[in-house]
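*Asks:* just to be clear, the model below is a prediction. Sequence and coordinates:
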Amino acid sequence: LPTFTRATLPRWFRKRPAGVQESHFQALTGQQSGFPEPGSRGPLTFLADSFTSFTEPAVGIAAIELLERAGWEVRLEDSGCCGRAAFSKGLLDQAKRQASGLLDALGGTSGPIVGVEPSCLLTLRDEHRALLGDDARVTDVAGRARLVDELLVEAIDSGALTLREDAWPAGRRILFHGHCHQKAEVGTAATMALLRRIPGAEVVELDAGCCGMAGSFGFEAEHYDVSMQVGADRLFPAVHAEPADTVVAATGVSCRQQIAHGTTRRAQHPVELIRAALAD
């Protein structure tokens, strides 16, 4: 089962000093860092989904640090669930309540809404419309919801973010497994483009279908064997065939959990690799 952490993403966000990167640089050098001015790109809301907040906060931290370095003024939205988990179990009344509550919180914001967990972010574009119909809040939020990958590619291409050629991910072979929800809704082009911005990286996208986890499906005793059979069909053999120094990447938390369970290999979110390659 996933390991929960007390050092959650919301706790990290609330406790950190404001403007710490810029002020630290100035204290050391007495000059401006050359990074974009904090907040110069405008406001942005980061969707703190439950998985990232409580099981893999390092992914959210990496994304927020990159976005702030690129000049975004990041606001963390952690007031409630998007309703995706309830929706997937057919608990539609609960999902509607959760969706409506989150939309109320997001309705008072401006600028892009981004996240690192495709299932949760893309729920704002699709399932909320199915749950709440012709609701002006849905139209507003869906129109602003973007994968973080898209914004980071733009920041790298504009020169706001620079990646080092001597960083450990540079020059490595990166095996990428796409998340089913992401592939169905928006595709993986932005994620592949982001990974290819790592200097010298050889990025290969797997054609492995579903990992077999599918949210909570693979954790349920009655579905465990089927889940593992799906993973063993193409995904697990492809990962096993890679040399030990190949980097495995996946955007979905369920996919990363399944890869770890089925192959003992750690898969990283692409934003972790970009953060590791960033020129500080």
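*Replies:* Structure received. Everything quoted here is computed from the prediction, not taken from an experiment. Numbers count the residues shown, from 1 in each chain.

*Asks:* let me see the ranges of the strands in the stretch 101-250 of the chain.
*Replies:* Using DSSP state E, counting those that start in this stretch, the strands of the stretch 101-250 of the chain run over 113-115, 145-147, 173-177, 202-205, 247-250.

*Asks:* dump those into JSON lines; add mean neighbour count and mean pLDDT as well.
*Replies:* Backbone N, C-alpha and C define where each C-beta goes, glycine included. What follows is those, written out as JSON lines (neighbours: other Cβ atoms under 10 Å; pLDDT from 0 to 100):
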{"stretch": "strand 113-115", "mean neighbour count": "24", "mean pLDDT": "97"}
{"stretch": "strand 145-147", "mean neighbour count": "21", "mean pLDDT": "95"}
{"stretch": "strand 173-177", "mean neighbour count": "21", "mean pLDDT": "98"}
{"stretch": "strand 202-205", "mean neighbour count": "16", "mean pLDDT": "98"}
{"stretch": "strand 247-250", "mean neighbour count": "24", "mean pLDDT": "98"}
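
*Asks:* any chance of these in JSON lines, plus distance to E56?
*Replies:* Formatted as JSON lines, the strands of the stretch 101-250 of the chain follow (distance: least, Cβ to Cβ, whole Å):
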{"stretch": "strand 113-115", "distance to E56": "13"}
{"stretch": "strand 145-147", "distance to E56": "17"}
{"stretch": "strand 173-177", "distance to E56": "16"}
{"stretch": "strand 202-205", "distance to E56": "22"}
{"stretch": "strand 247-250", "distance to E56": "12"}
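
*Asks:* can you tell which of those is closest to R266?
*Replies:* Shortest distance between R266 and those, using Cβ to Cβ, is found for strand 247-250: 7.0 Å.

*Asks:* so A48 is in contact with R11, correct?
*Replies:* No - between A48 and R11 there is no contact under Cβ atoms under 8 Å: 10.8 Å.

*Asks:* which one's more surrounded, these two?
*Replies:* A48 (25 against 14; other Cβ atoms under 10 Å).

*Asks:* so how far is G178 from the closest residue to that one other than its chain neighbours?
*Replies:* The shortest distance from A48 to any non-neighbouring residue, by Cβ to Cβ, 6 or more residues apart in numbering, is to D78 (3.8 Å). For D78, the distance to G178 equals 26 Å [Cβ to Cβ, to the nearest Å].

*Asks:* look at the two and report which has more neighbours.
*Replies:* Counted by other Cβ under 10 Å, D78 and G178 do not tie: G178 has more neighbours, with 24 against 20.

*Asks:* residues contacting the more buried one?
*Replies:* Shown in contact with G178 (Cβ atoms under 8 Å, 6 or more residues apart in numbering): 188, 191, 205-206, 250-251.

*Asks:* follow-up on the earlier one: my guess is the residue nearest to A48 meets S53, correct?
*Replies:* Yes - here D78 reaches S53: they are 6.1 Å apart, a contact under Cβ under 8 Å.

*Asks:* from the contacts of G178, pick the one nearest R164.
*Replies:* So of the contacts of G178, ranked by how close each gets to R164 (Cβ to Cβ), first place is T191, at 20.5 Å.

*Asks:* so what's the closest residue to the closest one other than its chain neighbours up against?
*Replies:* Spatial nearest neighbour of T191, excluding adjacent residues (Cβ to Cβ, 6+ apart): D149 at 4.8 Å. Counting by Cβ under 8 Å, 6+ apart, D149 touches 190-191, 193-194, 251, 270-271.
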